[in-house]
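Asker: I would like to see how this sequence folds:
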Amino acid sequence: MNSSVNSKVSLSDFQLRDGIYFPKDYEDLNNTEHKQRWDKIGKTYYGSQKIEQAEETSALKKDYTLLTGRPGGTWTKFPLNKSVNSILEIGSGYGRIPLFLSKDKNLRCQKYYGIDISEPLLRRLLKCKQEYDFFPGAEFHIICASAELLPIEDNSVDLIISNCVFMHIPEAQIRILMAEMSRVLKPGGIFVFNHSFHNKACPSHKIHNFIRSLSPAKNPVYLRQYSASEIQEMLAASGLKAKCSQYTVEPTQEYAIVPETIKGIPVPFAKAINTRLKPSSTSMRETLAYGFSAYSTQLG
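Answerer: Below you'll find the predicted structure:
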C-alpha cells in the first residue's frame, strides 16, 4: 500500500515556520507548475482574502457564514456534538469545512492536521482560526505539502475529511493518497469525502471532455472522472474498506446535463435546466449526478 516509504515521513522531517510545517525540499516543490498554479488560485479562492481586508467592526468578523457559506451535501448529515481525538483534513484550504463542523455541528477534537499544497490558503486558515477559534483547545498541525505525503503515525487518526479535492489529483496520486489515508486511519475510524469525485457518466462532463479534446490548451486542474464501481475499487484496494467497512458511495444531489459555463463563458439557460432535474431512480441519479461522495455510514 506504498506505506513502506511514506510511513517513514514524520513532522520531524518538516520545518515549522510561522505556524506552518514545510518539507525540507520546499524550494523544489515551489518550482513545480502544480504548486505555482494552486498558490495563484489560493490568493483569491472563494473570496477568502476578505477576512484580511475586513475592518474589526465589520459583520464578517461576527458571522463566519458570510465568508464560507454553509456547506451542504454529506456535511448536513454529520452528527451534532461529536468528539474525537484527531482529525486529518486533505486539501484543507482556508478552513471552510472545519469552521463549519466546529461552529454548526459542535465537533470537537484534541488534534487537527490540515494539509494543502497552497501556502496562501493555509495562511488564511491560520487567520480564520485566529478570528473564529474553531476546534478550541486543539493542537493544530498545518502542513504545506503535496497531498500524498502524510507525516502522521500509523493507526493514529480517528476522522479523515476532505471536500471537493480528489477530482483535482491524478488517479495514480489518488491511489497513493488513499493508501496513506488507510495507513494513518485507526481501525474502525471514519471518513467523509464530500463531493470528492466527478461522475464520468454525467452528460455535462462528457460535453466538457469533448470540447477539451478539441483544444490544444488543456486545463490541468480538471482531471478524470469516475464511476461508483471505480471508486469502490479504489477504496478497497487502498485498505480503507478494511479499516472502515461500513461506508457508502453515493451520487451528489447536484445534477447536470448541460455545462453552465464553457471556457468561462456562461451557457444560456443551462443553470435553469440543470436545477429542474429531479431524477427518481437510482440509475438516473448515478447517470445525471455531477459527482460522488464517499463516507462512513455510521458517522455517529
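Asker: who does the longest strand along the chain pair up with?
Answerer: The longest strand of the chain (DSSP state E) is strand 185-198. If you go by DSSP bridges, strand 185-198 pairs up with strand 157-163 (parallel), strand 291-296 (antiparallel).
Asker: residues of that strand that come out buried?
Answerer: Leu185, Lys186, Gly189, Ile190, Phe191, Val192, Phe193, Asn194, His195, Ser196, Phe197, His198 (16 or more other Cβ atoms under 10 Å). Every residue, glycine included, has its C-beta placed from N, CA and C.
Asker: before we move on, the earlier item: any chance of the strands paired with strand 185-198 in CSV, with mean pLDDT, distance to Tyr21 and mean neighbour count too?
Answerer: Below are the strands paired with strand 185-198 laid out as CSV (pLDDT from 0 to 100; distance: least, Cβ to Cβ, whole Å; neighbours: other Cβ atoms under 10 Å):
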stretch, mean pLDDT, distance to Tyr21, mean neighbour count
strand 157-163, 97, 16, 24
strand 291-296, 96, 27, 24
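Asker: turn those into JSON lines, including distance to Thr57.
Answerer: Below are those laid out as JSON lines (distance: least, Cβ to Cβ, whole Å):
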{"stretch": "strand 157-163", "distance to Thr57": "31"}
{"stretch": "strand 291-296", "distance to Thr57": "39"}
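Asker: out of the ones you listed, which comes closest to Arg224?
Answerer: strand 291-296 (12.3 Å; Cβ to Cβ).
Asker: what comes into contact with the closest one?
Answerer: 73-74, 77, 167, 190-199, 202, 226, 228, 231, 235, 244, 246-252, 254 (Cβ atoms under 8 Å, 6 or more residues apart in numbering).
Asker: pull the CA atoms of the longest strand of the chain into PDB?
Answerer: Extracted in PDB, the C-alpha atoms of strand 185-198 (Å, rounded to 0.1, in the frame of the first residue of the first chain):
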ATOM      1  CA  LEU A 185      -6.700   5.800  10.000                       C
ATOM      2  CA  LYS A 186      -7.400   3.900  13.100                       C
ATOM      3  CA  PRO A 187      -9.200   0.600  12.700                       C
ATOM      4  CA  GLY A 188     -12.900   1.400  12.900                       C
ATOM      5  CA  GLY A 189     -12.100   5.100  12.200                       C
ATOM      6  CA  ILE A 190     -14.400   7.100   9.900                       C
ATOM      7  CA  PHE A 191     -14.000   9.200   6.800                       C
ATOM      8  CA  VAL A 192     -16.000  11.800   4.900                       C
ATOM      9  CA  PHE A 193     -15.100  12.600   1.300                       C
ATOM     10  CA  ASN A 194     -17.800  15.000   0.300                       C
ATOM     11  CA  HIS A 195     -18.400  15.700  -3.500                       C
ATOM     12  CA  SER A 196     -14.900  14.400  -4.000                       C
ATOM     13  CA  PHE A 197     -15.200  12.600  -7.300                       C
ATOM     14  CA  HIS A 198     -16.500  13.800 -10.600                       C
END
